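Peer 1: next input, structure requested:
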Amino acid sequence: MNEDRLQMQRLELKYQVSDDVALAARDFISSYLELDEFGATRPNLSYPVHSLYLDSPGLATYHHTINGNKNRFKLRVRFYENRPSAPVYFEIKRRMNNAILKQRGAVHRDAVDRLVAGQLPAPAELATADPRHLAGLQAFVTRMIELRARPVAHVAYQREAWMSPRDNSVRVTLDRDVLFEPEPVARLETRMADPLRVFGHRVILELKFTGRFPDWWQELVRVFNLRQSSAAKYADGVARYGEDRLKAALRGEAWGWAAPVSDPELPANRPLPVSP
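Peer 2: Have a look, this model is predicted:
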């Protein structure tokens with residue numbers, strides 16, 4: 001699995017819908033977009049997505065999300081399977097006002113522990129020679145150290161993705177079975193022990209576009225009476241699980257979480273640092 005078609009900068013619109021509406025919307029969307037190649041050969045047209053989220057001892061990125069700060073970021077390690085040879089992606093997902101910006105670096109699994117400890121990988125541990133990936137890893141480590149971030153939670157879901165047949169300017173995803181559980185170490189295993197279902201049986205329908213807003217999307221919203229809403233998988237997972245319960249689950253299980261949880265370097269009213 002790889003994400004060569006990743007949109008590095010885009011706008012996003014999110015909706016929470018029932019599975020019946022999602023299936024009907026799929027028929028509508030298929031008139032304009034084509035199915036992503038990773039889901040096309042699967043019975044449910046979806047592929048699994050797993051993310052290990054990192055946050056500060058006081059859960060600063062969570063608080064910046066629920067407080068609605070316009071400039072904020074998340075740190076996550078994305079993986080799709082357990083195969084030792086499969087690449088792992090260290091990603092910064094930033095919001096600047098209404099725009100979403102992504103920066104990432106791909107490495108082999110042997111480099112994961114070193115990166116989570118704050119060290120850059122050796123050249124042989126890089127999954128690609130593209131210099132943008134090394135820059136992404138450097139940015140990730142910088143933000144992680146600034147935030148004193150450590151692994152916090154494993155989020156997983158099934159993704160059905162549709163994209164423009166001409167370019168990568170429009171992408172629609174339907175994410176089902178969004179699961180969340182505490183994860184204090186970087187095991188990067190797809191199996192989850194006792195996850196929480198974050199949105200119940202609701203499906204997260206999301207439009208992502210980089211240029212002109214697609215006219216047909218307005219018709220889809222009208223036909224299915226869609227209401228735009230927030231759906232932050234990590235932040236909503238923490239909120240549903242319980243912040244105090246999550247901190248208790250993490251405390252004492254991994255180094256760095258045994259100390260009192262506070263972020264003296266990042267008070268709540270101070271913007272998170274962002275890349276230039």
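Peer 1: now do the helices in this structure.
Peer 2: 19-29, 37-40, 60-66, 112-116, 131-147, 215-223, 233-241, 243-250 (DSSP state H).
Peer 1: I'd like those helices written out as CSV, with mean neighbour count, mean pLDDT and distance to L205 added.
Peer 2: Placement of C-beta: from N, CA and C, glycine included. Formatted as CSV, the helices of the chain follow (neighbours: other Cβ atoms under 10 Å; pLDDT from 0 to 100; distance: least, Cβ to Cβ, whole Å):
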stretch, mean neighbour count, mean pLDDT, distance to L205
helix 19-29, 15, 97, 6
helix 37-40, 15, 86, 15
helix 60-66, 21, 96, 20
helix 112-116, 17, 96, 32
helix 131-147, 17, 96, 28
helix 215-223, 13, 95, 9
helix 233-241, 21, 98, 14
helix 243-250, 16, 93, 27
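Peer 1: where are the low-confidence patches of this structure?
Peer 2: 1-8, 252-276 (pLDDT under 70).
Peer 1: could you pull out the strands for it?
Peer 2: In the chain, the strands defined using DSSP state E lie at 9-17, 34-35, 47-55, 71-79, 88-96, 99-107, 150-163, 170-182, 196-197, 203-209.
Peer 1: how about TSV for those strands, with distance to P123 and mean neighbour count added?
Peer 2: Listed next are the strands of the chain as TSV, based on distance: least, Cβ to Cβ, whole Å; neighbours: other Cβ atoms under 10 Å:
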stretch	distance to P123	mean neighbour count
strand 9-17	28	17
strand 34-35	36	15
strand 47-55	24	22
strand 71-79	20	22
strand 88-96	16	20
strand 99-107	11	20
strand 150-163	25	23
strand 170-182	32	21
strand 196-197	39	14
strand 203-209	33	22
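Peer 1: which one of the ones you listed lies closest to A249?
Peer 2: Closest of those to A249 is strand 170-182, at 4.1 Å (criterion: Cβ to Cβ).
Peer 1: quick one, which of the strands of the chain is nearest to A235?
Peer 2: The nearest among the strands of the chain, by Cβ to Cβ, is strand 71-79 at 8.6 Å.
Peer 1: partners of the closest one in the sheet?
Peer 2: According to DSSP bridges, strand 71-79 forms sheet pairs with strand 47-55 (antiparallel), strand 88-96 (antiparallel).
Peer 1: picking up where we left off before, make TSV out of the strands of the chain and add distance to A124.
Peer 2: Listed next are these as TSV, based on distance: least, Cβ to Cβ, whole Å:
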stretch	distance to A124
strand 9-17	31
strand 34-35	35
strand 47-55	23
strand 71-79	19
strand 88-96	15
strand 99-107	10
strand 150-163	24
strand 170-182	33
strand 196-197	38
strand 203-209	34
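Peer 1: can you tell which of the ones you listed is closest to S230?
Peer 2: It is, among these and with distance given as Cβ to Cβ, strand 9-17, at 6.6 Å.
Peer 1: which outside residues touch that closest one?
Peer 2: 25, 98-102, 171, 199, 202-210, 213, 217, 224, 226-231 (Cβ atoms under 8 Å, 6 or more residues apart in numbering).
Peer 1: what's the angle between it and strand 203-209?
Peer 2: Going by axes from the mean of the first three to the mean of the last three Cα atoms, to 10 degrees, strand 9-17 is angled at 160 degrees with respect to strand 203-209.
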